[in-house]
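S.K.: compute the structure for the input listed below.
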Amino acid sequence: MDAVIAVVALLFVLFVALGAYATVKVVGAAKRRVDDTITHARRTVEDHTLRAKSFAQPGPAGELAQLRLKLRTSMRATQDALQAGAAEDESLKESLDLFQRLSAHGHELDAELRRLESEPDRTTLTGRLPELRERTKRIVESADSLRWAARDRARRFAEDDLDSLSAQIGVETGALRHWETIEPPEPKAEASAQATGSSSATPPPSERASAAPPPWPEAPATGTDATTEQSWPETPGTQRAEEPTRPAIAPSTPRPTYPWQKKARPESTT
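M.R.: From the prediction side, this is the model:
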């Protein structure tokens, strides 16, 4: 029983602690939100007041309002750009530290300009204006340089990422359209090439008809040396047209006559 009571008491304490922690966090977040809203509203009212003074009040007072408005606008834009970029780019943290040091000089100059707005001595105020303009110009130029460098860096990273993405998409597109990378053979070109090759290798029929075959060598003349001229060998069963027909085997002796053979009568000369 005591253990159950201890567990229940422990759970109650945990719930109370968690409730208190959650209440503190909610109250703190609400307070910060209210403070931001008040700060933003105060800043907006002050900016509109400075803009109205710069147009409504001539002379040194109006110029002081213009310097304050220019300084505050540049410093606020640079702070927003660096804080937004530092969340994604770690190298901008060093630039943000440099801006914090520049921001201290900016706050000091803004406080001095605010005090001089209520200065009754216009002569002294007029003598201080060139030095105030120079300080404002230096701070504003430094802030603008940091802001534009951060923006150029972010734009460069975006362009590099876009180039890489475009290259990858091009490769993927080529892989999806793989059939376009293999060029089909051109039938007309191949047919013309084959026709050209065949025409160069085989002459046309008219040329083949006009081209006479080479002449056969003539037979050796009678009484000349056969070794002086070369003739083609004769095939069996053929004879030259110029030679007389002769028996295949010439008789070496005259044929014998027999008594029962009739004598050849002489031809009549009449």
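S.K.: quick one, strands of the chain?
M.R.: Applying DSSP state E to the chain gives no strands.
S.K.: pLDDT weak spots in it?
M.R.: Where the chain drops to pLDDT under 70, the residues are 181-270.
S.K.: how about residue 63: what's its closest non-neighbour residue?
M.R.: residue 129 (6.2 Å; Cβ to Cβ, 6 or more residues apart in numbering). In this view, the C-beta of every residue, glycine as well, is placed from N, C-alpha and C.
S.K.: burial of the residue lying closest to residue 67 once chain neighbours are set aside, as a residue count?
M.R.: Counting by Cβ to Cβ, 6+ apart, residue 67 lies nearest to residue 136, which is 4.8 Å off, once chain neighbours are set aside. With neighbours defined by other Cβ atoms under 10 Å, the count for residue 136 comes to 21.
S.K.: one step back: surely the residue nearest to residue 63 and residue 60 touch.
M.R.: Yes - here residue 129 reaches residue 60: they are 6.0 Å apart, a contact under Cβ atoms under 8 Å.
S.K.: looking at the two, which one has more neighbours?
M.R.: Using other Cβ under 10 Å as the criterion, residue 129 and residue 60 rank with residue 60 on top: 20 against 15.
S.K.: mind checking how far that one is from residue 116?
M.R.: 8 Å (Cβ to Cβ, to the nearest Å).
S.K.: what residues are shared contacts of the two?
M.R.: residue 125 (Cβ atoms under 8 Å, 6 or more residues apart in numbering).
S.K.: break this protein into its domains for me.
M.R.: Per the record, the chain has its domains at 6-56, 58-174, by automatic domain parsing.
S.K.: how many neighbours does residue 157 have?
M.R.: 13.
S.K.: can you tell me which residues contact it?
M.R.: residue 89.
S.K.: repeat the analysis, applying 6 Å as the threshold.
M.R.: For residue 157, the contact set (Cβ atoms under 6 Å, 6 or more residues apart in numbering) is empty.
S.K.: how close does residue 3 get to residue 123?
M.R.: Counting by Cβ to Cβ - residue 3 and residue 123 are separated by 87 Å.
S.K.: which residue is the nearest non-sequential neighbour of residue 82?
M.R.: Closest to residue 82 by Cβ to Cβ, 6+ apart is residue 96, at 4.8 Å.
S.K.: er, residue 73 actually
M.R.: residue 47 (7.7 Å).
S.K.: number of nearby residues for the nearest residue to residue 79 once chain neighbours are set aside?
M.R.: Leaving out its chain neighbours, the residue that sits closest to residue 79 by Cβ to Cβ, 6+ apart is residue 99, at 6.6 Å. Residues within reach of residue 99, counting by other Cβ under 10 Å, total 24.
S.K.: do I have it right that residue 99 meets residue 80?
M.R.: No - using Cβ atoms under 6 Å, residue 99 makes no contact with residue 80, being 10.9 Å away.
S.K.: just name the most buried of the domains of the chain.
M.R.: domain 58-174 (a mean of 15; mean count of other Cβ atoms under 10 Å).
S.K.: now do the end-to-end distance for that one.
M.R.: 68 Å (Cα to Cα, to the nearest Å).
S.K.: use 154 as the first number from now on
M.R.: Yep, numbering from 154; the last one is domain 211-327 now.
S.K.: before we move on, back to that, among the domains of the chain, which comes closest to residue 333?
M.R.: domain 211-327 (7.9 Å; Cβ to Cβ).
S.K.: what's the closest non-adjacent residue to residue 278?
M.R.: Using Cβ to Cβ, 6+ apart, the nearest residue to residue 278 is residue 213, at 4.5 Å.
S.K.: from residue 207, how far off is the nearest residue to residue 210 once chain neighbours are set aside?
M.R.: Of all residues not flanking residue 210 in the chain, residue 218 sits nearest, at 6.8 Å (Cβ to Cβ, 6+ apart). Distance of residue 218 to residue 207, given as Cβ to Cβ: 4 Å.
S.K.: helices of the stretch 154-303 of the chain, residue ranges please.
M.R.: 155-209, 213-239, 245-270, 275-329 (DSSP state H, counting those that start in this stretch).
S.K.: what's the angle from the second one to helix 155-209?
M.R.: In terms of direction (axes from the mean of the first three to the mean of the last three Cα atoms, to 10 degrees), helix 213-239 departs from helix 155-209 by 140 degrees.
S.K.: I'm done for today, thanks for sticking with me.
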